[in-house]
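>>> With the input below, show me the fold.
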Amino acid sequence: MLRQFRRSAQGSAAVEFALVAPAFFALLFAIIETSIVFLAGQVLETINQQAARMVLTGQAQNAAYTQSQFATYVCNQVPAALFACNNISIDVESYSSFSSAMLDCNTAYANGNFQYNPGGAGQIVVVRIFYPWQLIVTGLGWNPSNLSGNKRLLCSTAAFKNEPF
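Residues are numbered from 1 along each chain as shown. Model (predicted):
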């Protein structure tokens, strides 16, 4: 009876799959989540470029946008399937030179002092958009979070010199 059991190949595929499946699914879900995070980052970059163009060309300044109006403009660009508009943070600051501009996203987000100063013609401006992305697949040995609560900070930065408007 024991010899027959050892020679039998029935069910070997199921046993092999049971051994390999956890690692396979962990890798598959990690790849899917990484892809979604990269997609969200690229969408955020596109939204930031559109918002920065409003400041760069002087449209936001000529329309006398307030911080909330500018945030509304940005939120109108956001696809609701990816982002919750109430979690988006926007920071627009003007500087006297490129060397004095602070570009570090983690420090700026941790500071939490988000400004809206689009500057005037010819001024250096940095437009940043922050979004804390909730991660799902973190308990499988792969955890790209850099915020508490299994969240990854997505940040898009545009630094430019305003046009003479």
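
>>> Next SSE downstream of the longest helix along the chain?
If each helix of the chain is counted by residues according to DSSP state H, the longest one is helix 12-56. Scanning forward in sequence from helix 12-56 by DSSP states H and E, the next helix or strand is helix 59-62.

>>> Can you mark which positions in stretch 66-84 are buried?
Neighbour counts over stretch 66-84 (16 or more other CB atoms under 10 Å) mark 70-71, 73-75, 77-78, 83 as buried. From N, CA and C alone the C-beta is placed, and that goes for glycine too.

>>> would JSON lines of these with pLDDT and secondary structure be doable?
Below are those laid out as JSON lines (pLDDT from 0 to 100; DSSP: H, G, I helix; E, B strand; the rest coil):
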{"residue": "70", "pLDDT": "97", "secondary structure": "helix"}
{"residue": "71", "pLDDT": "96", "secondary structure": "helix"}
{"residue": "73", "pLDDT": "97", "secondary structure": "helix"}
{"residue": "74", "pLDDT": "97", "secondary structure": "helix"}
{"residue": "75", "pLDDT": "95", "secondary structure": "helix"}
{"residue": "77", "pLDDT": "94", "secondary structure": "helix"}
{"residue": "78", "pLDDT": "93", "secondary structure": "coil"}
{"residue": "83", "pLDDT": "95", "secondary structure": "coil"}
